[in-house]
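**Q** quick one: sequence plus predicted model below, questions after.
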Amino acid sequence: MKQTTVQMIRAHIVTASVAATTIDVFVVSLLFFCKFPETLFETTSFRVLTCVLLVTAVLVTRHAARIAFRAAVKRRHAHFIGPRRDAVCVSAFCPARRLVILHLHFTGMPYVPVHATGW
């Protein structure tokens, strides 16, 4: 399997894991602080809702990362480099640098660290 494919899969799994942890914290807080019954969270409808929330969280994160990438390119915080202009270098001063790099991992675009280019 290619390295970019592994990075794409990893980015989606990590994003889903963070969303699942957030959902889990919310459910545990409902159990302890609001005294919801445990059987409420064992139903099929809750499992479907959780799955929908996970997919939605990944899609919303992808969308936010794409918006951050487009803004970084527009404001010249990110630029394409390489002989085929297929790799991207992101400035250390980019305000949404982490989201821009996450977009690169989501899409499988090669990312070149700043120190490698001297930019």
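**A** Nice, thanks for sending it over.
**Q** does residue 101 touch residue 111 like I think?
**A** Yes - counting by C-beta atoms under 8 Å, residue 111 is a contact partner of residue 101 at 6.0 Å. Any C-beta I mention is one placed from the backbone N, CA and C, and that applies to glycine too.
**Q** which one's more surrounded, these two?
**A** Legend: neighbour count by other C-beta atoms under 10 Å for residue 101 and residue 111, higher for residue 101 (22 against 16).
**Q** how about the more buried one, what does it touch?
**A** 90, 111 (C-beta atoms under 8 Å, 6 or more residues apart in numbering).
**Q** same question, the one 5 residues further on
**A** The neighbourhood of residue 106, defined by C-beta under 8 Å, 6+ apart, consists of 8, 11-12, 62, 65.
**Q** pretty sure it sits in a helix.
**A** Yes - inclusion of residue 106 in a helix is indicated when DSSP: H, G, I helix; E, B strand; the rest coil is applied.
**Q** can you tell me the SS state at residue 79?
**A** strand.
**Q** specify the beta-bridge partners of it.
**A** residue 89 (DSSP bridges).
**Q** quick check, it in contact with residue 89.
**A** Yes - look at residue 79 against residue 89 with C-beta under 8 Å: they come within range, at 6.1 Å.
**Q** settle it for me: which of the two has more neighbours?
**A** Neighbours per residue, other C-beta under 10 Å: of residue 79 and residue 89, the larger number sits with residue 89, 19 against 15.
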